[in-house]
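Peer 1: Model the structure of this input:
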Amino acid sequence: MSSSKSNKNAEKSNVALAPVGEPLTAPVHRAPAVPADRPPPIIGRGRAPISTEMARAPGAAKEVRASARYIQVVGPYAPPAEEMATAIETAHAWYTEANAAANWASYASDQSVRAYEVLQNKLSVIATPLTYAAERDVTVPEEFNDLSGLVLARSDAGKRAAVNRKARERKATPSPKRGGKKAAPPVVTQPPAEASPTPPAAPAEAAAKAPEPPAAPPAAPAQG
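Peer 2: Numbers count the residues shown, from 1 in each chain. Sure thing, here's the model as predicted:
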């Protein structure tokens, strides 16, 4: 692939971004389909090209092709001049294409949001009368089946999300009626009551010195 061809491909890939405003129109350009026989994606980041080296790529390819001393300078075991130049141009072409694709993807994503906002504003105008007519005329849902689905799709999605959220909340906090165990009340531990101080025992010496009670008087002799 020559440098002129790669530059032409780059020019085709760089789509001019039209000014945005309402009413929006459908995109004129289409992103190309990925080939069905594409190789499997590279696992991990891999070595990505940088802008400073890719800026030199077109000139490097020209130098390799134009030089008669390429093999003499780089050695007899180096890739042939045409093979090296083609590899340089191919890497540069895909680098340019990747940048153009990222630019287009950013533009297309922004336009998608803008077009969707315009659509939602218009759908909000017909939502109520269309629903009213569908409730009173059985032929309306048949005639405008997809339009009705388009009007109600976002509302239905929000309702399903709310139902799923409530179901997750109930599952996270089971109630006794649903078989869940009731939490036991917290156990309050009372501090132990302080025991009354026991009076000290009397010393042994004090007990020994205590006076003994007087002896009982002798009994009087019996008279005959």
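
Peer 1: contacts and neighbour counts: CA atoms only from here.
Peer 2: Fine.

Peer 1: Could you pull out the helices in this structure for me?
Peer 2: Taking DSSP state H to define them, one finds helices in the chain at 3-13, 51-54, 57-66, 70-74, 81-136, 139-143, 145-172, 204-209.

Peer 1: now the ones you listed as JSON lines including mean pLDDT and distance to residue 41?
Peer 2: Putting the helices of the chain into JSON lines (pLDDT from 0 to 100; distance: least, C-alpha to C-alpha, whole Å) gives the following:
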{"stretch": "helix 3-13", "mean pLDDT": "45", "distance to residue 41": "22"}
{"stretch": "helix 51-54", "mean pLDDT": "95", "distance to residue 41": "22"}
{"stretch": "helix 57-66", "mean pLDDT": "97", "distance to residue 41": "24"}
{"stretch": "helix 70-74", "mean pLDDT": "95", "distance to residue 41": "33"}
{"stretch": "helix 81-136", "mean pLDDT": "94", "distance to residue 41": "15"}
{"stretch": "helix 139-143", "mean pLDDT": "93", "distance to residue 41": "45"}
{"stretch": "helix 145-172", "mean pLDDT": "76", "distance to residue 41": "34"}
{"stretch": "helix 204-209", "mean pLDDT": "54", "distance to residue 41": "101"}
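
Peer 1: Between these, which one is closest to residue 28.
Peer 2: Checking the helices of the chain against residue 28 by C-alpha to C-alpha gives helix 81-136 as the closest, at 11.3 Å.

Peer 1: Taking helix 57-66 as reference, get the angle to the closest one.
Peer 2: Between helix 81-136 and helix 57-66, the angle comes out at 150 degrees (axes from the mean of the first three to the mean of the last three C-alpha atoms, to 10 degrees).

Peer 1: got the phi/psi numbers for residue 29?
Peer 2: phi -90, psi 150 (degrees, to the nearest 10).

Peer 1: Can you get me a residue count around it?
Peer 2: As a burial measure, residue 29 scores 8 neighbours (other C-alpha atoms under 10 Å).

Peer 1: how close does it sit to residue 127?
Peer 2: Distance of residue 29 to residue 127, given as C-alpha to C-alpha, to the nearest Å: 32 Å.

Peer 1: sorry, back to before: tell me which of the helices of the chain sits nearest to residue 44.
Peer 2: helix 81-136 (17.2 Å).

Peer 1: Which elements pack onto the closest one?
Peer 2: Helix 81-136 makes packing contacts with helix 3-13, helix 57-66, helix 139-143, helix 145-172 when contacts are defined by 3 or more C-alpha pairs under 8 Å, 6 or more residues apart in numbering; DSSP states H and E.

Peer 1: The shortest one: which residues count as buried?
Peer 2: The neighbour-count criterion (16 or more other C-alpha atoms under 10 Å) identifies 140-141 as the buried residues of helix 139-143.
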